[in-house]
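Engineer: Only the shape, not the letters, is given here:
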Ligand SMILES: NC(=O)C1=CN([C@@H]2O[C@H](COP(=O)(O)OP(=O)(O)OC[C@H]3O[C@@H](n4cnc5c(N)ncnc54)[C@H](O)[C@@H]3O)[C@@H](O)[C@H]2O)C=CC1
Ligand SMILES: [Mg+2]
């Protein structure tokens, strides 16, 4: 029913276009964030990403030979969604709860809206699509849609959990864009927050170390991660987390990239590659933090990367190794490590 957001929002193009178009777009977005009237007007002609209790609405993408079974985000015009609300006999005022998350190159504003108060299957039927758990959605979306849907969900979650001032206990009120909340009693302004997390892939030169928490799905291993303590630098967190979780002393490390991750309450992931010397690989596991941590060979990791979706891994059978989805920065670290190993072998 609705066209794909992919046709409207292609941030990768920004890199190849003149910087002035990027600057104009960012200035436009800044105005919408700060000016309630302009934001409300932009909402009228904007697009909505719908969520139902924080699960995003996805629709099947047209299949191609290389990308069968993929999904996309439907681009729903605000006015079309108001028509949906009319059909459901619900107030159009729900649309005003949308929060601003981005704008297209044509300066069309994009908002996310949680429609948990509406009947899920009715919305799915009228809008064409299905509400899918965000962790699952990361396996189904490609390109810029995964970070966009993550950002939309994170901002909605932040509003849903910051309705009261922690100083006065009184309700807080959002601005139109949703970029902040204010308590009129204490005068405190609240901004959406991300918790810094360091995630690291440790290599001994030929193998890499992955760990799993007891709550991970069967067979899934990931790079080691840990939240920064108050006042810590990235390097201090990195060394401490590795020492705490697997009892290893790092030899060297470098930052590889960063990412916003919407779990558990929005994390700012700083991804690093680290090394230990080959004689210093004996893992001493902290069972309170990890269920297992093991060294994996290049071949094992290459096989895990070939899986396009999580394997079935039934109880009672030895699970097949798999790693987080391609959007997760852990996946990118693993891929970079494979590239490094291959080029070192040439
Ligand atoms: N995007 C990616 O590729 C990956 C992301 N992650 C994310 O990294 C996060 C941190 O990794 P963990 O090993 O769980 O961290 P961790 O090793 O620091 O342990 C988690 C514990 O830290 C404590 N903690 C301290 N500050 C916290 C905060 N701000 N929020 C929540 N808990 C806090 C809690 O007791 C929690 O149970 C995970 O929540 C996960 O969402 C983890 C692996 C891959
Ligand atoms: Mg950890």
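Structural biologist: Received the coordinates, thanks. Please read these numbers as outputs of a predicted model, since none were measured by experiment. Numbering: from 1, shown residues only. Ligands and ions are numbered 1, 2, ... in the order given.

Engineer: what's the spacing between residue 117 and ligand 1?
Structural biologist: Counting by Cβ to the nearest ligand atom, to the nearest Å, the gap from residue 117 to ligand 1 is 28 Å. Where you see a C-beta, it was placed from the backbone N, CA and C, and this is true even at glycine.

Engineer: mind checking the SS state of the residue lying closest to that residue once chain neighbours are set aside?
Structural biologist: Spatial nearest neighbour of residue 117, excluding adjacent residues (Cβ to Cβ, 6 or more residues apart in numbering): residue 94 at 7.0 Å. Following DSSP: H, G, I helix; E, B strand; the rest coil, the label given to residue 94 is helix.

Engineer: Go ahead and confirm residue 94 touches residue 85.
Structural biologist: Yes: the pair residue 94 / residue 85 is scored as a contact, 6.3 Å apart, by Cβ atoms under 8 Å.

Engineer: how about the helices in the stretch 51-200 of the chain?
Structural biologist: Using DSSP state H, counting those that start in this stretch, the helices of the stretch 51-200 of the chain run over residues 78-88, 120-127, 134-140, 145-161.

Engineer: can you list the residues of the protein near ligand 2?
Structural biologist: By Cβ under 5 Å from the ion, the part of the chain that sits against ligand 2 consists of 225, 226.

Engineer: please redo it, this time with the cut-off set to 8 Å
Structural biologist: 211, 213, 224, 225, 226, 227, 241, 245, 289, 290 (Cβ under 8 Å from the ion).

Engineer: tell me the pLDDT at residue 14?
Structural biologist: Note on residue 14: pLDDT of 40.

Engineer: Just give me the neighbour total for residue 250.
Structural biologist: Counted with other Cβ atoms under 10 Å, the neighbours of residue 250 add up to 18.

Engineer: distance of it from residue 280?
Structural biologist: From residue 250 over to residue 280 the distance is 9 Å, taken as Cβ to Cβ, to the nearest Å.

Engineer: again, but for residue 211
Structural biologist: In terms of Cβ to Cβ, residue 211 sits 17 Å off from residue 280.

Engineer: quick one: which of these two has more around it?
Structural biologist: Set residue 211 next to residue 280 and count neighbours by other Cβ under 10 Å: residue 211 wins out with 22 against 12.

Engineer: what helix or strand is the more buried one on?
Structural biologist: Per DSSP states H and E: residue 211 is located in strand 207-212.

Engineer: Contacts for that strand next, please.
Structural biologist: 201-203, 220-224, 245-246, 248, 281, 283, 290-298, 301, 323, 334, 337 (Cβ atoms under 8 Å, 6 or more residues apart in numbering).

Engineer: In helices, which of the residues you listed fall?
Structural biologist: The members of the contacts of strand 207-212 that map onto helices under DSSP state H are 245, 246, 298, 301, 334, 337.
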